[in-house]
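J.: sequence plus the predicted model coming up.
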Amino acid sequence: MNAREILKSKALKLLSLLLISMVIATASASVYNYMYMQSLQVSVEAADVRFVTGTDSTAAGATIGTNGTYVSFNSMAGWPNSTRVYQDAVGIQNFNSTSSYTIELKFDQAGDWSGDTPDIDYIYVKVFNATNIQQGSTITVGSASSTTTAINLPASTTWHVQWEIKWKAGTLSTKKVSVKLTLIVTGE
């Protein structure tokens, strides 16, 4: 065998190895099996736990959504160096006459409030039962994962949500903050 034939033989062997390795690589690269899940009828039902107006809802500028699953406040305010309390800004009512539900009101993270937050001394949110006994812990707005903890809302019961707002001394009346809280209902 001359040098040319030896070189040709080695090149063919190398080419064969490259082709075989490419076939192996492509054959084992991606194997997928698709499975499906389908719901044919996702329906709407009324929520058993809903927001309802409280005695201070008008003063707080509460607007409750059509289904009672959303509430916004557009008139809450506070004075500098003084605490404003909305004792019954909104109610949380269990419309189910036989079942209780676990609820948790929480401030999730720092992104859930915005505006002139450095000028706020504090905003506390508390939940009280019908006899004005606080249920769960106090929410400190601005503290990540601040929560009432899980609390049991009995059947056919309405509790009220209290907001306490205090701006720092010397804060101008042009300052504002926006706050978002989440109500989690378990067991419905």
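T.: Noted; the coordinates are in hand.

J.: what stretches of the chain score poorly on pLDDT?
T.: Confidence mapping of the chain against pLDDT under 70 gives the ranges 1, 23-29, 110, 188.

J.: can you pull out the helices in it?
T.: For the chain, the helices defined by DSSP state H cover 3-27, 57-60.

J.: quick check: longest strand of this structure.
T.: Longest strand of the chain, by residue count under DSSP state E: strand 83-94.

J.: helices or strands up against that strand?
T.: strand 49-53, helix 57-60, strand 62-64, strand 71-73, strand 101-107, strand 158-167 (3 or more Cβ pairs under 8 Å, 6 or more residues apart in numbering; DSSP states H and E). Every C-beta, even on glycine, is put in place using the N, C-alpha and C of the backbone.

J.: mean neighbour count, the ones you listed: which tops it?
T.: Of the helices and strands packed on strand 83-94, the one with the most neighbours on average (mean count of other Cβ atoms under 10 Å) is strand 158-167, at a mean of 21.

J.: give me the distance from stretch 15-22 to the chain's centre.
T.: Distance of stretch 15-22 from its chain centroid, counting by Cα atoms, centre = their mean, to the nearest Å, is 54 Å.

J.: correct me, but Ser97 touches Thr157?
T.: No - with contact defined as Cβ atoms under 8 Å, Ser97 does not count as touching Thr157 (10.2 Å).

J.: look at those two and report which has more neighbours.
T.: Between Ser97 and Thr157, Thr157 has the larger neighbour count (other Cβ atoms under 10 Å), namely 18 against 8.

J.: ok, the more buried one touching Ala130?
T.: Yes - applying Cβ under 8 Å, one finds Thr157 in contact with Ala130, separated by 6.9 Å.

J.: ok, now how distant is Val49 from Val31?
T.: Using Cβ to Cβ, to the nearest Å, Val49 is found at 46 Å from Val31.

J.: that older thread, quick one: which of the helices and strands packed on strand 83-94 is nearest Trp113?
T.: The minimum distance between Trp113 and these falls on strand 101-107, with 7.6 Å, by Cβ to Cβ.

J.: tell me the angle the closest one makes with strand 49-53.
T.: 60 degrees (axes from the mean of the first three to the mean of the last three Cα atoms, to 10 degrees).

J.: C-alpha coordinates for strand 101-107, CSV please?
T.: Output in CSV follows, covering the C-alpha atoms of strand 101-107 (Å, rounded to 0.1, in the frame of the first residue of the first chain):
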residue,chain,number,x,y,z
TYR,A,101,-63.0,28.7,56.0
THR,A,102,-59.4,29.5,56.7
ILE,A,103,-58.4,33.0,55.6
GLU,A,104,-55.1,34.8,55.6
LEU,A,105,-54.6,38.5,54.8
LYS,A,106,-51.1,39.2,53.8
PHE,A,107,-48.7,41.8,52.6
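
J.: mind checking how far it is from the chain centre?
T.: 11 Å.

J.: check which helices and strands it sits against.
T.: Other helices and strands packing on strand 101-107, by 3+ Cβ pairs under 8 Å, 6+ apart, are strand 83-94, strand 120-128, strand 134-140, strand 146-147, strand 151-153, strand 182-186.
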